[in-house]
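>>> no sequence for this one, just the structure:
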Ligand code: NOJ
């Protein structure tokens, strides 16, 4: 049955093992520690965990520089610990997605070492080489300002190799059938250990034709179908969630016209425009992004996120719009990164204003797709701008007021726990927020619980309703004879909206508030007048609470 697809309404929580919980006291988080926090995650209500790379790595890019695809980095534990963790997740009904980083390896990976040493080795063609420096070597960098080129000379190989990312991440030659077979083998390995799928790193680059002769980007979309088929043959309900920051008209190539390619993609278009709207209270670009990304196959889904482990990439906004977001959320140069983004966490960007944080999370929970929460955001963690590049937003989880926020007993944690000031662990931590019914953590738990009872968002078709106020976004979802309405006021002032639900029948004239007692009843012309406080939001059921009795079977 089509409504069995778990990812259509998943609550995904992303974390790095190394910064979550350190059980063995060496300063680095580990699987044993993470396992002890599964009850916390279960209580929060998440239905899936996305683990950042945990395989052996040279750790120069947060683990996205893997040296062995079939193992666990000893700093995090053993393969045995991983299996125990998987069992703990299974017991609690939590699915696990892991990163699949196969655009490139670490330059320390034995495959690259073999390839560079021996031009006759079969591994040589697993990477992308050129005898002379290609003319486009100084173009196409993903990390401008930090990364100098996309081709580097290797003195051992006496040749140039291609690297879309940093120079210690040589690109795999993904057109090579042996490399493709190896990618499937990697997926098969982790599927066998119980994962429910993969967050696939850098998908547009994985499927791009690579080589010195390549002048323009050219994607081989059919590779995606091959990945999906393999996945589904092995494990029917496993998925791929693509990291592909592409233009809306290209999205369908990733999903496939018939939904025969990837299951999920992060919605970068909505993400960037959402931040613009949060900054300016002008909903129009967000509405456009929602409309532009509306059409997707019935079995596909968006991953909706606010912040992730990377910078907030604003590269697809017009220069003026980007500047508006910089001005609002990251005015000083040390808050910005790669000439296009902001590296801060969400809470400091919104100046810790609880009203705006709730607005942002309420949106993430109610825009079309499945929400992807970043660890620590549920308690409003901050950032440490003294740390380089994206590390500032990757500091350890803040569990309590104990030393190092209860993350570790070691005095030399992998990254410093934020201490002092409004976002230090002394002020912002799980233990205190658990005890406070009005804390952000308990609010998050409640909103997740409610989101699970509103499957219309994941399954239904949305409509943007005219609200009469440019700072207010009103979305209606319809699914199986049930309907919900969600309204968000982006403005710092109260606004009154006048809504016509385009109701088809009279019983729809009641709006039952799902989060508080103030319901709305239509006037005699079937219009609703609702006053929203600054940054206010509402979740309503259209009709009454007998909706479940009215829900159709298909
Ligand atoms: C995208 C990941 O999200 C990012 O963290 C990483 O640096 C690059 N891919 C390279 O793997």
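Right, received. Where do you want to start? Note that this is a predicted model, so its numbers are computed, not measured.
>>> what about residue 544, how many neighbours?
Neighbour count of residue 544, defined by other C-beta atoms under 10 Å: 14. Heads up, the C-betas are built off the backbone N, CA and C, glycines and all.
>>> quick check: it vs residue 446, distance?
22 Å (C-beta to C-beta, to the nearest Å).
>>> now for the helix or strand of the chain with the lowest mean pLDDT, which elements pack on it?
Of all the helices and strands that make up the chain, helix 547-550 has the lowest average by mean pLDDT, DSSP states H and E, namely a mean of 91. In terms of contacts (3 or more C-beta pairs under 8 Å, 6 or more residues apart in numbering; DSSP states H and E), helix 547-550 is packed against strand 482-489.
>>> show me what the strand it packs on pairs with in its sheet, parallel or antiparallel.
Sheet pairing for strand 482-489, assigned by DSSP bridges, gives strand 472-479 (antiparallel), strand 537-542 (antiparallel).
>>> what's residue 305 in contact with, if anything?
Residue 305 is in contact with 266-267, 271, 364, 371-374, counting by C-beta atoms under 8 Å, 6 or more residues apart in numbering.
>>> among these, which one sits closest to the ligand?
residue 266 (9.7 Å; C-beta to the nearest ligand atom).
>>> and the closest one, how many neighbours?
With other C-beta under 10 Å as criterion, residue 266 counts 20.
>>> spatially nearest residue to it (excluding sequence neighbours)?
residue 303 (4.5 Å; C-beta to C-beta, 6 or more residues apart in numbering).
>>> sheet partners, orientation included, of the host helix or strand of the one you found?
Using DSSP states H and E, residue 303 maps to strand 301-305. When pairing is defined by DSSP bridges, strand 301-305 lines up against strand 264-266 (parallel), strand 370-374 (parallel).
>>> hmm, that strand touching the ligand?
No. Using C-beta under 6 Å from any ligand atom, strand 301-305 stays clear of the ligand, with a minimum separation of 11.5 Å.
>>> now that strand: average pLDDT?
For strand 301-305, the mean pLDDT works out to 98.
>>> follow-up on the earlier one: so the residue nearest to residue 266 touches residue 369, yeah?
Yes. Between residue 303 and residue 369 there is a contact at 6.2 Å, judged by C-beta atoms under 8 Å.
>>> shared neighbours, these two?
Common neighbours of residue 303 and residue 369 (C-beta under 8 Å, 6+ apart) are residue 267.
>>> one step back: OK, contacts around the residue nearest to residue 266?
Counted by C-beta under 8 Å, 6+ apart, residue 303 has contacts 12, 241, 264-267, 369-370, 372.
>>> kindly report the same for residue 509.
Residue 509 touches 501, 503, 521-522, 526, counting by C-beta under 8 Å, 6+ apart.
>>> restricting to these, which residues neighbour the ligand?
Within the contacts of residue 509, nothing lies near the ligand by C-beta under 6 Å from any ligand atom.
>>> where is pLDDT lowest across those?
Lowest pLDDT among the contacts of residue 509: residue 503, 68.
>>> spit out the contact partners of the residue of the stretch 351-500 of the chain found nearest the ligand.
Of all residues in the stretch 351-500 of the chain, residue 390 sits closest to the ligand, at 6.7 Å by C-beta to the nearest ligand atom. The contact partners of residue 390, by C-beta under 8 Å, 6+ apart, come to 62, 309-311, 337, 343.
>>> same for the ligand: which of those are within range?
Among those, proximity to the ligand is found for 62, 309-310 (C-beta under 6 Å from any ligand atom).
>>> circling back to that earlier point, any chance of the strands paired with strand 482-489 in TSV, with mean neighbour count, mean pLDDT and distance to the ligand too?
Putting those into TSV (neighbours: other C-beta atoms under 10 Å; pLDDT from 0 to 100; distance: least, C-beta to the nearest ligand atom, whole Å) gives the following:
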stretch	mean neighbour count	mean pLDDT	distance to the ligand
strand 472-479	22	97	28
strand 537-542	23	97	29
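>>> that older thread, I'd like the ones next to the ligand among the contacts of residue 390 as JSON lines, with neighbour count appended.
Formatted as JSON lines, these follow (neighbours: other C-beta atoms under 10 Å):
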{"residue": "62", "neighbour count": "19"}
{"residue": "309", "neighbour count": "19"}
{"residue": "310", "neighbour count": "18"}
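>>> among those residues, which ones are in helices?
Among those, none falls in helices (DSSP state H).
>>> what sits closest to the residue in the stretch 1-150 of the chain positioned nearest to the ligand if chain neighbours are left out?
Nearest to the ligand in the stretch 1-150 of the chain, going by C-beta to the nearest ligand atom, is residue 64, at a distance of 3.3 Å. Closest residue to residue 64 apart from its sequence neighbours, by C-beta to C-beta, 6+ apart: residue 101 at 5.3 Å.
>>> list phi and psi for the one you found.
Backbone geometry at residue 101, expressed as degrees, to the nearest 10, gives phi -110, psi 90.
>>> residues touching it, list them.
With C-beta under 8 Å, 6+ apart, residue 101 has these contacts: 53, 64, 66, 201-202.
>>> can you pull out the low-pLDDT segments for the stretch 401-550 of the chain?
Along the stretch 401-550 of the chain, the model assigns pLDDT under 70 to residues 503-507.
>>> scratch that, the chain is what I was asking about
Ranges of the chain meeting pLDDT under 70: 1-3, 503-507.
>>> near the ligand, which residues of it show up?
So far as C-beta under 6 Å from any ligand atom goes, the chain lies against the ligand at 61-62, 64, 101, 165, 201-202, 243, 309-310.
>>> how many residues are close by residue 82?
Using other C-beta under 10 Å, residue 82 has 26 other residues around it.
>>> what's the helix or strand hosting it in contact with?
For residue 82, the host element (DSSP H and E) is helix 79-91. With contacts defined as C-beta under 8 Å, 6+ apart, helix 79-91 is touched by 30-32, 34-35, 38, 49, 54, 71-72, 95-96, 193-195.
>>> quick one, the helix or strand following it and strand 301-305 angle?
The helix or strand immediately downstream of helix 79-91 is strand 95-100, counting by DSSP H and E. Going by axes from the mean of the first three to the mean of the last three C-alpha atoms, to 10 degrees, strand 95-100 is angled at 80 degrees with respect to strand 301-305.
>>> in its sheet, what does strand 95-100 sit against?
strand 48-51 (parallel), strand 197-200 (parallel).
>>> buried residues of stretch 186-202, list them for me.
Of the residues in stretch 186-202, 186-187, 190-191, 194-202 count as buried by neighbour count, 16 or more other C-beta atoms under 10 Å.
>>> pull the most distant pair out of these.
194 and 202 (24.8 Å; C-beta to C-beta).
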